[in-house]
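K.L.:
predicted model follows, preceded by the sequence.
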Amino acid sequence: MKVKLIKKCAGLILMINYLVISMAFSHVLAQNSSVKVDVKTISNTNLNITIDEKQNKSEQVYAIHVKNNTKSSQNLSKINVTVTPKTLIPNGTTYVVGSDEMNRREGYAIRTQTGQAIKNNDNNMYLIFKNSETDYILVGVLSWRTFLCQIYTEDGIVHINGDGDGKQLKTEEEVDFEKVVYMRDASWQNLLDRYAILIAKENNVAKPPKVNWTGWATWDFYVQYFLPEDVTSNTNLIVDLGVKPNIIQIDGGWWKQRGDYFDVRDNIQGGIKTMVEKIHQRGYKAGLHFDGFRASAGAIVVKEHPEYFVHNDKGQLLIIGKDPVTKDALVSWDFSHPGAQKYIFEVMKNARDNWKVDYFKIDFMRDGLLARGKSYLPVTHVERYRMGMDAIRKGMGDAYFLACSPNFGVNIGFTEATRTGPDIDPDYEAVKTRAQSNSANYYFAQQIYNVDPDYLVLRNKSESNDRDGKKPSLTVPQGQMWANFVSIYGNARLQSDELSLLSSNKKEIIKNNFDLPFFEKTIPMDWWDHYKTNSDAPNFYLARGENGDICLALFNWGDTDTNFKISGFKKAASFKSYLGDTSFKTDGGNLSIKLKGVESVLLKYEGKQTFDELRKALQLSK
């Protein structure tokens, strides 16, 4: 059934109330919610609002349309939506703010309670509320085509506010606000699965390709200053470990200036094309990094074509930061300009067709949404961003596209894969933080994106030298923790240390990591016990392997020995460690394991229950 209401009034307030919905829906009133929309224009002019509602037993989806029925053009300033459950969400209700981007702390997942103030109230994905162990509500956004939304809860209701960004509507012109969904389920896991399915359907996203990456990358050790011989030597060394890589990733810093992407640094003899040829000769795919939405003000393309970039109100280039290498000011591409679109298209096409790059890592993507200046066309920053994404995607053709530093929503449908946590650093606090951040986005995997946890790094100070761009401090147990997480999460295992400096036991960790099966779905089973801080990673994961394996993974992130008990097994089962000969058995439906401080274990399940049965039944206590 579709409900369509139109109302004109001062303040532009429109409400759909569950009482006006046909009695045919009386059996789903427990799921019901009401929606209120308030639209503001720069001139405070009233506009028409239409809401289409689709409701079934599982969820309600609201499509909100704004039409300019006046005799002159209007510019939007705010679109404010409130979603009110039939029973208001009481203060003290535990809820999780869903992660909406890789790199910004305010974009991480966080667990809190209604009535408490939080910093990251500008999330634009979802909120999930825990009414009880068998009653959960999710309110979220399903599209990110024109506006970015701010989702937060207050006074028992959920607010979804969109920045109108000066969006211009001509007379009789209509714009769609982003679709909003209200869902309820007895299982929080089911809610996130259903949410991912709805996102994929709304955005016409095919399941990502079945591909797993193993190899080596330049970034974590050498940062911007790698040389071709570093790539050659580390490629030889990783093969010497007895593993089978399939990709070598050339990361950032190969250019002279950000934005000038047809040329390379003088000390990269033969350029990227020669480097890629050598990688291909070894039988591997070649990856290449681009800073896709920023350029250095000193770049040739900026000097010759300043019209390709966002400007401020005074007509000057809008400065969004400083280049860490050249110290030049950074500017933002204006991809509403056809010249900018053509340029970035040709950059990608050259890398794909001429240099033969197979795998594109486009980085600093969120910066393309931060530039709130003057564009060539009167579009929102989201529309401008997506114009750039369209040009980038078309330019690289059939190559693999990994989004880095992204806002997750706006990239859906453009990329096969996304990083889901911040850049890893070779220290233990970073390991815990990255494990938490990645875990929060597990529901993307194999439904919306392939998920990438970032590079496998293991080194400490004694395994470093003066070319190291980081300050490493990982012990063997700490490195093993990160390796075990990378083993169970995502489809990428790319090493990024200087391999000649690693100790033999660190090299053994790499070999074991590459030899383990890949897992297509990994659930943080103790989700609701964590996410209280930025480094409060889950302890218990259940992973389903592409080869049919079921893995139980336990992580003791703390310093003290801890006893873990997993309960809920309906049938007797045994377990064998993937990394050694240790074995375990259930006792009375329970599995008990003692882990030392900073210790983890990956266990292969050998029993009769299915993955779905286990993920519904198992619980952790410690």
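P.N.:
Yep, it's here.
K.L.:
average model confidence for stretch 429-436?
P.N.:
For stretch 429-436, mean pLDDT is 97.
K.L.:
now do stretch 368-387
P.N.:
For stretch 368-387, the mean per-residue pLDDT is 94.
K.L.:
same check, this time on stretch 398-409
P.N.:
96.
K.L.:
just how off-centre is it within its chain?
P.N.:
Centre-to-centre, stretch 398-409 and its host chain are 9 Å apart (Cα atoms, centre = their mean, to the nearest Å).
K.L.:
going forward can the numbers begin at 710, since that is how I track them
P.N.:
OK, 710 is where the count begins now, so the last one is stretch 1107-1118.
K.L.:
how about it: buried residues?
P.N.:
1108, 1109, 1110, 1111, 1112, 1113, 1114, 1115, 1116, 1117, 1118 (16 or more other Cβ atoms under 10 Å). The C-beta positions use only the backbone N, C-alpha and C, and glycine is treated the same way.
K.L.:
could you do stretch 757-770 as well?
P.N.:
757, 758, 759, 760, 761, 762, 764, 767, 768, 769, 770.
K.L.:
mind listing what the residue nearest to residue 1176 when sequence neighbours are not counted touches?
P.N.:
Closest residue in space to residue 1176, ignoring its immediate chain neighbours: residue 931 at 6.4 Å, by Cβ to Cβ, 6 or more residues apart in numbering. Contact partners of residue 931, counting by Cβ atoms under 8 Å, 6 or more residues apart in numbering, are 939, 1176, 1178, 1207.
K.L.:
distance of the residue nearest to the last one when sequence neighbours are not counted relative to residue 868?
P.N.:
If I follow you right, that is residue 1207. Nearest residue to residue 1207, sequence neighbours excluded (Cβ to Cβ, 6+ apart): residue 930, at 4.7 Å. Distance from residue 930 to residue 868, counting by Cβ to Cβ, to the nearest Å: 45 Å.
K.L.:
swap in residue 1035?
P.N.:
For residue 1035 relative to residue 868 (Cβ to Cβ), the value is 42 Å.
K.L.:
neighbour count for those two, which is higher?
P.N.:
residue 868 (19 against 15; other Cβ atoms under 10 Å).
K.L.:
ok, that one touching residue 793?
P.N.:
No: in this structure, residue 868 is not within contact of residue 793 by Cβ atoms under 8 Å, at 10.2 Å.
K.L.:
narrow the buried residues of stretch 1107-1118 to those in strands?
P.N.:
Among the buried residues of stretch 1107-1118, the ones falling in strands (DSSP state E) are 1109, 1110, 1111, 1112.
K.L.:
got the phi and psi for the nearest residue to the first one once chain neighbours are set aside?
P.N.:
Distances taken as Cβ to Cβ, 6+ apart put residue 1068 closest to residue 1109, at 4.5 Å, once the chain neighbours are dropped. Backbone torsions of residue 1068, given as degrees, to the nearest 10, read phi -140, psi 120.
K.L.:
look up how far residue 1203 lies from residue 1068.
P.N.:
10 Å.
K.L.:
what sits in contact with each of these two?
P.N.:
922, 956, 958.
K.L.:
out of those residues, who has the most neighbours?
P.N.:
residue 958 (25 neighbours).
K.L.:
is it fair to say that one lies in a strand?
P.N.:
Yes: counting by DSSP: H, G, I helix; E, B strand; the rest coil, residue 958 is part of a strand.
K.L.:
ok, so of the ones in strands among the buried residues of stretch 1107-1118, who is nearest residue 1289?
P.N.:
Nearest to residue 1289 among those is residue 1111, at 32.7 Å by Cβ to Cβ.
K.L.:
next one: the closest one from residue 1187, what distance?
P.N.:
26 Å.
K.L.:
identify the residue nearest the geometric centre of the chain.
P.N.:
In the chain, the centroid-proximal residue (Cα atoms, centre = their mean) is residue 1129; its distance is 3.7 Å.
K.L.:
now for that residue: which residues touch it?
P.N.:
Residue 1129 makes contact with 808, 811, 1117, 1146-1147, 1149-1150, 1153, 1158, 1160-1162, 1199 under the criterion Cβ under 8 Å, 6+ apart.
K.L.:
and the closest residue to it other than its chain neighbours, how far from residue 909?
P.N.:
For residue 1129, ignoring the flanking residues on the chain, the nearest one in space by Cβ to Cβ, 6+ apart is residue 1150 at 4.0 Å. Going from residue 1150 to residue 909 by Cβ to Cβ gives 15 Å.
K.L.:
ok, these two, which is more surrounded?
P.N.:
residue 1150 (28 against 18).
K.L.:
OK, contacts around the residue nearest to residue 1109?
P.N.:
Contacts of residue 1068 (Cβ under 8 Å, 6+ apart): 922, 956, 958, 994, 995, 996, 997, 1108, 1109, 1111.
K.L.:
what residues are up against the third one?
P.N.:
The neighbours of residue 958, taking Cβ under 8 Å, 6+ apart as the test, are 924, 925, 926, 927, 928, 996, 997, 998, 1068, 1070, 1203.
K.L.:
so which of these sit within helices?
P.N.:
residue 928 (DSSP state H).
K.L.:
of the contacts of residue 958 - the most surrounded one?
P.N.:
Counting neighbours by other Cβ under 10 Å, residue 926 leads these with 28 neighbours.
K.L.:
any idea how far the residue lying closest to it once chain neighbours are set aside is from residue 1003?
P.N.:
Of all residues not flanking residue 926 in the chain, residue 958 sits nearest, at 3.6 Å (Cβ to Cβ, 6+ apart). Counting by Cβ to Cβ, the gap from residue 958 to residue 1003 is 20 Å.
K.L.:
picking up where we left off before, mind putting the contacts of residue 958 into CSV with pLDDT and distance to residue 905?
P.N.:
As requested, the contacts of residue 958 are arranged in CSV below (pLDDT from 0 to 100; distance: Cβ to Cβ, whole Å):
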residue, pLDDT, distance to residue 905
924, 98, 28
925, 98, 31
926, 98, 28
927, 98, 33
928, 98, 29
996, 98, 26
997, 98, 29
998, 98, 28
1068, 98, 24
1070, 98, 23
1203, 98, 25
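K.L.:
if we take the contacts of residue 958, which one ends up nearest to residue 778?
P.N.:
residue 1070 (45.9 Å).
K.L.:
thinking again about what came up before, so the residue nearest to residue 1176 belongs to a helix, correct?
P.N.:
Yes: counting by three-state DSSP, residue 931 is found in a helix.
K.L.:
all strands of the stretch 710-859 of the chain, in order?
P.N.:
Listed in chain order, the strands found in the stretch 710-859 of the chain under DSSP state E, counting those that start in this stretch are 711-716, 722-725, 742-750, 757-764, 768-776, 783-794, 803-806, 819-822, 835-841, 844-850, 858-863.
K.L.:
from the contact counts, what lies against the fourth one?
P.N.:
With contacts defined as 3 or more Cβ pairs under 8 Å, 6 or more residues apart in numbering; DSSP states H and E, strand 757-764 has these neighbours: strand 711-716, strand 722-725, strand 742-750, strand 768-776.
K.L.:
in stretch 1236-1247, what's buried?
P.N.:
1236, 1237, 1238, 1239, 1240, 1243, 1244, 1245, 1246, 1247.
K.L.:
so for the residues you listed, which is the shakiest by pLDDT?
P.N.:
Lowest confidence among the buried residues of stretch 1236-1247: residue 1243, with 87.
K.L.:
part of a strand, is that residue?
P.N.:
No: residue state for residue 1243 (three-state DSSP) corresponds to coil; a strand is not indicated.
K.L.:
my read: it touches residue 1145, true?
P.N.:
Yes: counting by Cβ under 8 Å, residue 1243 sits close enough to residue 1145 to count as a contact (6.8 Å).
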